[in-house]
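Colleague: My questions are about this predicted structure, shown below with the sequence.
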Amino acid sequence: MKQTTKTLGTMGLLAALALAVAFAAAWAGRDEEKKVEEKAKAEKLFSFDKAQARRVLLSRDGKLVADIKRDDEKARWMILQPVHTEADQPAVNAIVDKLETLQQKAELDGMDEKAAGLAEGAPARIEVTIADGSGKSLAGLALGEENSFDSTLFAKKLGEKTLRSVNKADQTPLEKELFDLRDKRVARLDDVTQVQVLEVDPSSQGVLPGGAAMAPGTFGYLLTRNPGGWDLSRPVKGAADPATAERILTQLKLLRATKIAAESADDAALAKFGLAFPKETIALTLKLPGGEAQARTIRIGQPARTDGSVTVKTYAKSSDSPLVYEIDSAILRELSKDLFELQDKSLVKFDREAVRRIDFASPGHETLSIARSKSTPVDGGAPDESFTLLQPQPGPVRKWKASGALFSLGNLKAAAFGEATPADPKGLARFGLDHPRTITAYGDNNVVLAKVLLGGEVPGEAPKPGSKTPPKKRHYAMVEGGQHIVEVDAAPLNDFPQTVQEVLDVPVTAGDAGVSISAGASPANLVHPAE
């Protein structure tokens with residue numbers, strides 16, 4: 001037999017052995033996995049469909065904590081007893097989830113039921129029952145005392161005598177009081193309810209108790225949602241800062257009661273809670289999932305400080321609920337916004353994908369005209385944008401430089417709002433705008449999408465006598481046709497090129513190393529030759 005034949009035979013035998021070993025390992029793995037699944041199934045205390053759960057009864061030490069019910073799988077849980085109110089949906093679902101997945105640690109033989117806290121006829125420390133729509137029990141559990149030996153809990157399935165042990169952590173979703181299970185959302189806003197109008201007023205009456213005037217500078221504001229963001233209608237008209245509007249809305253969504261102060265309140269009680277003349281009144285116009293509109297008002301107040309009191313509590317009441325909530329006073333700070341926070345600080349808004357050309361005109365320099373295009377790679381994938389210098393000379397453009405400039409233009413924001421735009425050159429000169437740099441973005445057919453005028457550096461306010469701090473340099477900008485001058489930060493202005501050398505992508509030879517690199521390469525992406 002030739003050596004080659006022997007070698008091939010040996011290799012075939014080894015391959016067959018390897019295949020057999022792999023098959024045996026896989027079979028053993030599947031067998032072990034099956035044993036784990038069977039063990040987990042055997043240790044699982046209950047087997048039921050969570051979607052069929054319609055009622056949850058929770059008791060502690062023989063006293064009812066809550067009787068909770070829902071009409072169907074998609075309906076919200078409602079507390080029926082000891083009060084009739086909406087339940088905290090995640091908290092109730094956590095109880096159902098826990099019983100559906102609960103596993104025992106062990107079955108205990110010969111254990112004294114009384115010592116375990118689960119004696120027949122005696123109230124258990126925690127008892128929970130889950131039933132379906134017909135009242136049939138899907139799962140029932142009683143938890144007793146802690147086993148100090150291994151820090152587990154004694155447990156028993158309702159209707160059975162067998163004592164078991166479960167992990168101590170398993171009691172967390174079940175160890176609840178009534179307040180824990182109540183809906184604590186003050187504004188009662190969810191992800192499917194859209195706020196169309198948000199109005200905040202410091203006082204619904206315009207005065208404080210006793211007829212005193214409101215503090216100077218205190219004002220209300222009115223925000224209205226539009227297809228692209230938010231409008232500010234009061235105290236001035238214009239675009240609203242989208243981040244501020246959404247932050248206010250988020251704080252209202254997250255506002256939770258720290259305590260139920262009263263199940264209901266008449267006029268006298270409202271005055272006691274400081275809600276007759278609230279510190280803030282929030283009026284909401286909501287768009288419900290079905291498309292219908294709904295109005296909702298939330299009042300937030302603080303009672304007058306009593307003699308000797310150190311702190312003042314904060315209360316809230318929504319027009320769609322009789323409840324009076326005690327809340328964290330931090331919401332008052334979140335709702336209080338100055339005019340600058342409320343106003344949109346974006347200088348221009350345009351669709352980057354619509355840009356076909358961008359021009360940079362600077363005093364003392366030729367205008368840079370850069371074309372932007374997008375092309376789909378031959379092998380598919382996402383279209384890639386590219387830039388080409390048209391004027392003052394044709395040539396390739398450093399992509400990162402042009403792309404960064406376009407990004408900075410779209411994200412240029414006011415650091416402060418200034419005075420009305422001066423009509424005369426002398427007035428513009430005070431802001432360095434008599435001979436401005438100009439950045440213009442064009443779309444199809446040379447339609448102007450955005451045009452911003454940037455002023456030169458001008459000195460700020462003179463320092464106080466004796467101060468060694470030099471006056472701060474300021475930079476101002478305006479949108480062509482805009483009504484106001486705005487102050488801008490200096491950093492993004494450096495992203496806007498002024499000379500051909502800044503944008504032209506020209507190959508450069510790296511000295512004696514004999515390595516050719518591109519002048520347009522980002523410094524972070526340069527590759528250096530090995531030494």
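Modeller: Yes, it's here. Numbering: from 1, shown residues only.
Colleague: Quick one: distance of stretch 258-269 to the chain centre.
Modeller: Here stretch 258-269 is found 31 Å from its chain centre; the criterion is C-alpha atoms, centre = their mean, to the nearest Å.
Colleague: can you list the weak-confidence ranges in the stretch 101-250 of the chain?
Modeller: Scanning the stretch 101-250 of the chain for pLDDT under 70 picks out 203-218.
Colleague: could you pull out the strands for it?
Modeller: Using DSSP state E, counting those that start in this stretch, the strands found in the stretch 101-250 of the chain span residues 106-108, 126-131, 137-147, 152-157, 163-167, 194-201, 221-226, 229-234, 238-239.
Colleague: So for Lys287, which of these sits nearest?
Modeller: strand 194-201 (4.4 Å; C-beta to C-beta). C-beta: built from backbone N, CA, C; applies to glycine.
Colleague: mind checking how far that closest one is from the chain centre?
Modeller: On C-alpha atoms, centre = their mean, the centre of strand 194-201 falls 19 Å from the chain's centre.
Colleague: re the thing from before, tabulate the strands of the stretch 101-250 of the chain in TSV, adding columns for distance to Gln483 and mean neighbour count.
Modeller: Output for these, formatted as TSV (distance: least, C-beta to C-beta, whole Å; neighbours: other C-beta atoms under 10 Å):
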stretch	distance to Gln483	mean neighbour count
strand 106-108	77	14
strand 126-131	64	21
strand 137-147	67	20
strand 152-157	69	22
strand 163-167	66	20
strand 194-201	25	18
strand 221-226	20	18
strand 229-234	15	18
strand 238-239	10	14
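Colleague: Let me know which of those is the nearest to Ala330.
Modeller: Closest approach to Ala330 among the strands of the stretch 101-250 of the chain (C-beta to C-beta): strand 194-201, 15.3 Å.
Colleague: now the nearest residue to Pro392 once chain neighbours are set aside, what's its secondary structure?
Modeller: Distance criterion C-beta to C-beta, 6 or more residues apart in numbering; nearest residue to Pro392, sequence neighbours excluded, is Glu366 at 4.2 Å. When classified by DSSP: H, G, I helix; E, B strand; the rest coil, Glu366 comes out as coil.
Colleague: what's the neighbour count on the nearest residue to Ala416 once chain neighbours are set aside?
Modeller: Nearest residue to Ala416, sequence neighbours excluded (C-beta to C-beta, 6+ apart): Glu487, at 4.2 Å. Glu487 has 16 neighbouring residues, counting by other C-beta atoms under 10 Å.
Colleague: for Glu487, what are its contacts?
Modeller: Residues in contact with Glu487 (C-beta atoms under 8 Å, 6 or more residues apart in numbering) are Ala414, Ala415, Ala416, Phe417, Gly418, Arg474, His475, Tyr476, Ala477.
Colleague: who does the helix or strand containing the fourth one pair up with?
Modeller: Right, the one you point to is Phe417. According to DSSP states H and E, Phe417 maps onto strand 416-420. Sheet partners assigned to strand 416-420 using DSSP bridges are listed as strand 484-488 (antiparallel).
Colleague: which parts of the partner strand are buried?
Modeller: Using 16 or more other C-beta atoms under 10 Å as the burial criterion, the residues of strand 484-488 that qualify are Ile485, Val486, Glu487, Val488.
Colleague: Verify the assumption that Leu449 is located in a helix.
Modeller: No. Applying three-state DSSP, one finds Leu449 to be strand, outside a helix.
Colleague: Assess the claim that it and Ala354 are in contact.
Modeller: Yes. With contact defined as C-beta atoms under 8 Å, Leu449 reaches Ala354; the gap is 6.2 Å.
Colleague: hang on, the earlier thing: same list, the strands of the stretch 101-250 of the chain, but as TSV with distance to Ile300 please.
Modeller: Shown next, in TSV, are those (distance: least, C-beta to C-beta, whole Å):
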stretch	distance to Ile300
strand 106-108	52
strand 126-131	36
strand 137-147	40
strand 152-157	42
strand 163-167	42
strand 194-201	10
strand 221-226	15
strand 229-234	19
strand 238-239	27
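Colleague: Nearest to Arg55, out of those strands?
Modeller: strand 126-131 (4.4 Å).
Colleague: what sits in contact with each of Leu449 and Ala354?
Modeller: With contacts defined as C-beta under 8 Å, 6+ apart, the residues adjacent to both Leu449 and Ala354 are Gly443.
Colleague: Pick out whichever of those two has more residues nearby.
Modeller: Between Leu449 and Ala354, counted using other C-beta under 10 Å, the more crowded position is Leu449 (21 against 13).
Colleague: still on that earlier bit, now for the buried residues of strand 484-488: which two are most distant?
Modeller: Ile485 and Val488 (10.1 Å).
Colleague: Would you mind listing the residues touching both of these two?
Modeller: Tyr476, Ala477.
Colleague: show me what contacts Leu198?
Modeller: Contacts of Leu198 (C-beta under 8 Å, 6+ apart): Leu222, Leu223, Thr224, Ala245, Ile248, Leu249, Leu252, Ile282, Ala283, Leu284.
Colleague: cutoff 7 Å now
Modeller: Leu223, Ile248, Leu249, Leu284 (C-beta atoms under 7 Å, 6 or more residues apart in numbering).
Colleague: And Val192, by the same measure?
Modeller: Pro289.
Colleague: how near is it to Lys74?
Modeller: Per C-beta to C-beta, to the nearest Å, Val192 is found 12 Å from Lys74.
Colleague: try Glu480
Modeller: Look at Glu480 and Lys74: by C-beta to C-beta, they are 54 Å apart.
Colleague: which of those two has more neighbours?
Modeller: Glu480 (13 against 7).
Colleague: Leu449 is in contact with the more buried one, correct?
Modeller: No. Counting by C-beta atoms under 7 Å, Leu449 is not a contact partner of Glu480; they are 11.8 Å apart.
Colleague: can I assume Phe46 is in contact with Leu99?
Modeller: Yes. Using C-beta under 7 Å, Phe46 is in contact with Leu99, at 5.6 Å.
Colleague: out of those two, which sits in the busier spot?
Modeller: The residue with more neighbours, out of Phe46 and Leu99, is Leu99; 23 against 17, by other C-beta under 10 Å.
Colleague: hang on, that one in a strand?
Modeller: No. Judged by three-state DSSP, Leu99 forms no part of a strand; its state is helix.
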